[in-house]
Each structure stands twice: as structure tokens, then as C-alpha cells.
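K.L.:
Can you look at this prediction? I've put the sequence above it.
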Amino acid sequence: MFSGDKVTEFTRGSLVVKIKEDLKGLRIFNKDDLKSIAYYHSRRFFLTLPGWILRVNPEFHGQKPDLAVLENYETRAILQFEFALAPQQYRYFPKVMFDERMVMLKNSVKLSKNKGTKAYLFGIYDTDESIFYPTIKDKDFQSTLWIPINVREFQDYSVWRKKWDEMKSHLF
């Protein structure tokens, strides 16, 4: 049996690092790119372990999260990815959208047969404001974790952002 701590360790560690590397490497331009990258890295990790599977957009108690991680057909983790970057749009943090996703994940965890299920909300955004999120105060959110990726924190933010904006506007 693989412990839930390993799921958290991968999700909050290696997966975040890989997503940031791909974002900095100008390989993520929208939510679908983000989901594809996350699935690729998750698959490389989890499918080396016996009894583990990944489900993309599974029907989950009336919800459709982006990714579910299962061990021996029991849900261990639910992952949701949100992408809030657009060319020439700075200082943008879509709090309402993130709140809605947090509630969806919380509800999915509550309905899960496996009481050890955890949910993770990855949010990519760009702001220089101090963000203390989630702002929802609810003890049920203890099993739902926020994983922020603020591109403003990139060491070479100005150069990276200029390249990202140019590529996004030219290619898409």
C-alpha cells in the first residue's frame, strides 16, 4: 500500500517543480496545455507503481475534476488546474473562479468513499499583490490544498513575461 503522504509529496513537490519548469520553458499557454503537462508528469510517476491509475476528467459525484489519482480503484487524490494568464493582462487573480473550484473539490472529497482522499487546486496567475488564499474559512477545506504558482515570482519575470506575451499573441 502506497501512503497518501507520497501522493502529497509528489503533488506538492515534483509536480509543482515540473509545471514551473514547463511554464518557464514557454510550453504552457492555456489550461489544456497545463492539464496535458500535469498528466504527463503524473503518469510518469504514478504508473510506475503497481495498482495505480489516472483518470482525466472523470465523472465524480456530479463533478468533473481535471484529474483523479486512484490506487487499486480507490480515489487517493483529485487535482484541478486553473490557468489565469492572458497576454497583456497583469495583476489578475480570479478569486471567484478559484473559490468555485475549491468548493467543487471540497464537495468531491466529502462524497468520496475513501475518507483519505485529498484534493489539490493548482492556480497559475500573475499579480504583485499579496494573496492570502483560500479566503473561505471552513474546516472541511483541510483536505483541499491550494497550490499557487504566481509567475510574478519568477526570477526573470519581466523577460519571461514579455516572451510569453509575444509567443501567445503570435502563435494562438
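P.N.:
Okay, I see it. Numbers count the residues shown, from 1 in each chain.

K.L.:
What helix or strand is the residue nearest to the spatial centre of the chain located in?
P.N.:
Centrality entry for the chain: nearest residue to the mean C-alpha point is residue 122, 2.6 Å, by C-alpha atoms, centre = their mean. Assigned by DSSP states H and E, residue 122 falls within strand 118-125.

K.L.:
circling back: surely the residue nearest to the centre of the chain touches residue 147?
P.N.:
Yes - contact criterion C-beta atoms under 8 Å: residue 122 and residue 147 qualify, at 4.7 Å. For the C-beta atoms, the positions are set from N, CA and C on the backbone; glycine is no exception.

K.L.:
Quickly list what's touching both of those two.
P.N.:
Jointly contacting residue 122 and residue 147 under the rule C-beta atoms under 8 Å, 6 or more residues apart in numbering are residue 16.

K.L.:
Show me the longest strand that occurs in the chain.
P.N.:
strand 74-83 (DSSP state E).

K.L.:
Can you spell out which helices and strands pack onto that one?
P.N.:
Contact analysis of strand 74-83 by 3 or more C-beta pairs under 8 Å, 6 or more residues apart in numbering; DSSP states H and E lists helix 4-9, helix 31-46, strand 67-71, helix 95-111, strand 118-125 as its packing neighbours.

K.L.:
One more pass at 6 Å, please.
P.N.:
helix 31-46, strand 67-71, helix 95-111, strand 118-125 (3 or more C-beta pairs under 6 Å, 6 or more residues apart in numbering; DSSP states H and E).

K.L.:
what sits up against the shortest one?
P.N.:
If I follow you right, that is strand 67-71. Contact with strand 67-71 is made by 2, 51-56, 58, 75-79, as judged by C-beta atoms under 6 Å, 6 or more residues apart in numbering.
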